[in-house]
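S.K.: Pasting the sequence and the predicted model now:
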Amino acid sequence: MTDDLADVREKVAARVVGRERELDLLLAAVAAGRDILLEGPPGTSKSTILAAITAEWGVPMVFVEGNADLTPTRLVGHHSPARVLRDDYSADTFVPGPLLEAMRSGGFLYVEEFNRAPEDTLNTLLTAMAERRIAVPRVGTVEAAPSFRVIATMNPYDTIGTTRLSTSVSDRLCRLAVTYQDADAERAIVAARTDLDADRLVTDAVALTRATREHEAIRQGSSVRGAIDLALVVDRLARLRGASVPVETALRDLPAAYTGLVLDGMLLALSGRIHLDEVVEATPETVLRTIWESYFVLDPARAEPG
């Protein structure tokens, strides 16, 4: 893994917008044989970077979702009841789970929402991470291939239904905090993912989405995925209604028909992606309307003429 590190970095960087620092740190960690915890909100390119790295290295990425149903048996594997009845317990009756699949293939075990998994399930990973092997009853000891890694992710803003990681688990993981990208990078992402020739719409979609992350009533705002959907919805909505999407019009000169389209698009694309503070009595739609008014009505009105 270390021999072609610079080459892999160059190829992965060509597939990811920005994220140079995060890519360097993640590559350095996995090349050094470390397991890693990526901590950040959804939509911050974590899985995109990992998929690009594993594709370039030619190793599988084995996905597993952390939740209350992820028991140690589901993670490690189980003996097939039907085959056990016919052939008794043996290595041949064992159905490997994602952990053994990743260990044997030398893949990355990608555990999403790591802190939602039960504590005993996380403890199952301790031996695999520390010893790179695991003993399975009636199967034997499974040795991990050299490229096996555990890559876990968690959302720092989401605390409902989560558990605090034990010291023994966190001590075995390097941690990389991944935050939202800057506005320029997000505009580039939206433009690339939508293929729209509409700079005004892309700019507005990104600005309004980013505003959801700063509003006092919102605990967690939308990721760039919301801006992508917002831009696409407004574009299609304009076609349905026979309206035009401005190209180079200044913010304060935008026609009401267009801003109305954006409001409808916001309510559709962003209302399910924002999470209000528990003490807020307003609805997501009400909060989004205030963001829309601040952006299109109040801010342009404060702009100096010319």
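M.R.: Yep, that arrived.
S.K.: Tell me how far stretch 206-220 lies from the chain's centre.
M.R.: 18 Å (C-alpha atoms, centre = their mean, to the nearest Å).
S.K.: Would you mind listing the buried residues in that stretch?
M.R.: For stretch 206-220, the neighbour count (16 or more other C-beta atoms under 10 Å) marks 206-212, 215, 217-218, 220 as buried. For the C-beta atoms, the positions are set from N, CA and C on the backbone; glycine is no exception.
S.K.: same thing with stretch 95-102?
M.R.: For stretch 95-102, by 16+ other C-beta under 10 Å, it's 96-100, 102.
S.K.: Closest one of those to residue 271?
M.R.: Closest approach to residue 271 among the buried residues of stretch 95-102 (C-beta to C-beta): residue 98, at 33.9 Å.
S.K.: Quick check: phi and psi at that closest one.
M.R.: The phi/psi pair for residue 98 (degrees, to the nearest 10) reads phi -60, psi -30.
S.K.: ok, back up a step: with secondary structure, pLDDT and distance to residue 25 added, can I get the buried residues of stretch 206-220 in CSV?
M.R.: Shown next, in CSV, are the buried residues of stretch 206-220 (DSSP: H, G, I helix; E, B strand; the rest coil; pLDDT from 0 to 100; distance: C-beta to C-beta, whole Å):
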residue, secondary structure, pLDDT, distance to residue 25
206, helix, 97, 25
207, helix, 97, 29
208, helix, 97, 31
209, helix, 98, 26
210, helix, 97, 24
211, helix, 97, 29
212, coil, 97, 28
215, coil, 95, 30
217, coil, 95, 34
218, strand, 95, 29
220, strand, 90, 24
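S.K.: biggest separation within those, which pair?
M.R.: Greatest spacing in the buried residues of stretch 206-220, by C-beta to C-beta: 206 and 217 (20.5 Å).
S.K.: where do the strands sit along the stretch 51-200 of the chain?
M.R.: 61-65, 77-79, 94-96, 108-112, 133-136, 140-143, 149-154, 174-177 (DSSP state E, counting those that start in this stretch).
S.K.: and the gap between residue 107 and residue 57?
M.R.: Noted for residue 107: a distance of 10 Å to residue 57, by C-beta to C-beta, to the nearest Å.
S.K.: for residue 294, same thing?
M.R.: 46 Å.
S.K.: of the two, who's got more company?
M.R.: The neighbour comparison of residue 294 against residue 57 (other C-beta atoms under 10 Å) goes to residue 57, with 20 against 13.
S.K.: That's all I had, so thanks and see you.
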